[in-house]
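Asker: structure, please.
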Amino acid sequence: MKAKLPTLDELDRRIVDLLTVDARVSNRQIAAQLGVTEGTIRGRINRLEEGGAIRLTAVTNVAFAGSPKVVLIGILAEHGELRAVSQKIAAMPEIGCVILMLGRFDILAIGLFEALEDIVEVANNRILALPGVRHVETSIAVKTLKYDYRAAKITPVRRTAANPKPA
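Answerer: Got it, this is the predicted structure:
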């Protein structure tokens, strides 16, 4: 059974917003900015980390990693095999992100690669060879115009009349 993620209230979201800008900001500075005690901030951050809602980590600027190629790999898979295929792809150390999709592809895998030979090895020789994979299509980024490392930050769930409950 999966552990229940903590519920985020407005104070949690404001803390996350500040940590998103600078994860090294002190609890004292956050507390002063939000008008609460340092102990409250410390407790909230611990609860969010332990509950899996946030993880404080360093993000590497791709520009300093040599000249890696950002590769997006679109995968069509047998629908009965989606979970197994996506788990096998996620276990590959070269792949940094695996997303189940609606649209042209069933799965999108993203990775950083040093050489074209490495892309061929992973996409054609390993992913395409997985049972249940019907088609693999790669796209290689040639120039990154914008990359916001904060894109995965937690944001409030937007409720509408058509979607009153979060999924």
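
Asker: okay, CA-based contacts and neighbour counts for the rest of this
Answerer: OK.

Asker: ok, now which ones touch residue 95?
Answerer: Applying Cα atoms under 8 Å, 6 or more residues apart in numbering to residue 95 gives the contacts 89, 109-112.

Asker: where in the protein is pLDDT low?
Answerer: Applying pLDDT under 70 to the chain flags residues 1-6, 58-67, 147-167.

Asker: give me the domain ranges for it.
Answerer: What automatic domain parsing lists as the domains of the chain is 10-50, 62-140.

Asker: TSV for these, including distance to residue 146?
Answerer: What follows is these, written out as TSV (distance: least, Cα to Cα, whole Å):
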stretch	distance to residue 146
domain 10-50	17
domain 62-140	12
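
Asker: packing partners for whichever strand or helix holds residue 29?
Answerer: Assigned by DSSP states H and E, residue 29 belongs to helix 27-34. Packing partners of helix 27-34 (3 or more Cα pairs under 8 Å, 6 or more residues apart in numbering; DSSP states H and E): helix 10-21, helix 38-50.

Asker: looking at those, which is closest to residue 78?
Answerer: helix 38-50 (36.0 Å; Cα to Cα).

Asker: quick one: that closest one to chain centroid distance?
Answerer: Helix 38-50 sits 22 Å away from the centroid of its parent chain (Cα atoms, centre = their mean, to the nearest Å).

Asker: heading C-terminal from it, find the next helix or strand.
Answerer: That would be, after helix 38-50 and using DSSP H and E, strand 69-77.

Asker: what lines up beside that following strand in the sheet?
Answerer: strand 107-113 (antiparallel), strand 133-140 (antiparallel) (DSSP bridges).

Asker: with mean neighbour count and distance to residue 71 added, can I get those in a markdown table?
Answerer: Formatted as a markdown table, these follow (neighbours: other Cα atoms under 10 Å; distance: least, Cα to Cα, whole Å):
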| stretch | mean neighbour count | distance to residue 71 |
| --- | --- | --- |
| strand 107-113 | 20 | 5 |
| strand 133-140 | 16 | 5 |
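
Asker: in TSV, list those along with distance to residue 82.
Answerer: Putting those into TSV (distance: least, Cα to Cα, whole Å) gives the following:
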stretch	distance to residue 82
strand 107-113	8
strand 133-140	9
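
Asker: which one is residue 133 nearest to, not counting chain neighbours?
Answerer: Nearest residue to residue 133, sequence neighbours excluded (Cα to Cα, 6 or more residues apart in numbering): residue 77, at 4.4 Å.
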